[in-house]
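Undergrad: Sequence and predicted structure, then a few things I'm wondering about:
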2 protein chains.
Amino acid sequence: MTDQLSLVFQALADPTRRAMLSRLRSGAATVGELAEPFAISRPAISQHLKVLERAGLIERTAHAQWRSCTLRTEPLDEASDWVERHRGEWNERFDLLDEQLRRLKGTGDDRA
Amino acid sequence: MTDQLSLVFQALADPTRRAMLSRLRSGAATVGELAEPFAISRPAISQHLKVLERAGLIERTAHAQWRSCTLRTEPLDEASDWVERHRGEWNERFDLLDEQLRRLKGTGDDRA
DNA sequence: TCCTTAATTAAGGATTTGCTTAAACTAGCT
DNA sequence: AGCTAGTTTAAGCAAATCCTTAATTAAGGA
């Protein structure tokens, strides 16, 4: 589970983390602001933020004793690609071709 | 982590399971067929299938001693919704409105 | 300097995950 | 019935996850 896509999906697999990302859509926030809606301890919040950071979904910058977190949506693009490639029928044929091309190129990743 | 969306993201967080879903795009498969590309034991495969089933991503039907698995893409729609709602800037204003409407309706889910 | 605030690190515990091997179950074949 | 093939269940283990409380770091204000 060392690949980026797995880290992103895993980060999204927790309701608390998803809610944090949702909050960050309306702008940067400190750890305290992010923690406010939840009935869990600050260290627990810190750990969730570490998971989000590892997945590339947030960026943290420190001003004085306040750490500001900002949303980074780039990793979601990869996740979106995967999901869109796998849902519905509209692109089945296209995807099969796409997959075979990917195999020919021998990228060896798991997106096929 | 009892909600459906978390189960789906969690199911997608494993490369082996993603590869299984990819395989199922080209049609139903038996457990043996799904297991073939992987260097892990059959029980491990069975457990991965259980995770996918719990997330609603596959359906299993038994013919004789063969269990056939088929892809179900509906749960991916929900996942897609979440991801699309959170990436990019194109729909920021719309999403903020959307979110507030959802709050007013008091659905209480974590998609806000 | 001392105190408070904001956040993290450290350490630990309960639960879950992802794998294993061994045993059991199910259905068709002879 | 006995044999084989396909799959699941059971039991166990190492590592990861998600939480906790206590201690620590970092910065600002009296």
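TA: Nice, I can see it.
Undergrad: shaky segments in chain A?
TA: A:1, A:64, A:89-112 (pLDDT under 70).
Undergrad: That one: strands as residue ranges?
TA: Secondary structure of chain A (DSSP state E): strands located at A:29-30, A:58-63, A:66-71.
Undergrad: Now tabulate those in CSV and tack on mean neighbour count.
TA: Any C-beta I mention is one placed from the backbone N, CA and C, and that applies to glycine too. Listed next are these as CSV, based on neighbours: other CB atoms under 10 Å in any protein chain shown:
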stretch, mean neighbour count
strand A:29-30, 17
strand A:58-63, 13
strand A:66-71, 17
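Undergrad: Out of the ones you listed, which is closest to DNA strand D?
TA: Nearest to DNA strand D among those is strand A:58-63 (7.2 Å), distances taken as CB to the nearest atom of the strand.
Undergrad: For chain A, list the residues in contact with DNA strand D, please.
TA: A:1, A:10, A:13-14, A:16, A:39-41, A:43-44, A:47-48, A:51, A:64-65 (CB under 7 Å from any atom of the strand).
Undergrad: Spatially, what comes nearest to A:Ile45 if we skip its sequence neighbours?
TA: Distance criterion CB to CB, 6 or more residues apart in numbering or on different chains; nearest residue to A:Ile45, sequence neighbours excluded, is A:Ala35 at 4.4 Å.
Undergrad: Check the contact between A:Leu49 and A:Ser68; I expect there is one.
TA: No: between A:Leu49 and A:Ser68 there is no contact under CB atoms under 8 Å: 11.4 Å.
Undergrad: who touches A:Gln10 in this structure?
TA: By CB atoms under 8 Å, 6 or more residues apart in numbering or on different chains, A:Gln10 lies in contact with A:Met1, A:Val51, A:Ala55, B:Phe9, B:Gln10, B:Ala13.
Undergrad: Return the residues in contact with the closest residue to A:Gly88 other than its chain neighbours.
TA: Nearest residue to A:Gly88, sequence neighbours excluded (CB to CB, 6+ apart): B:Thr73, at 6.0 Å. Under the criterion of CB under 8 Å, 6+ apart, the neighbours of B:Thr73 are A:His86, A:Arg87, A:Gly88, B:Leu57.
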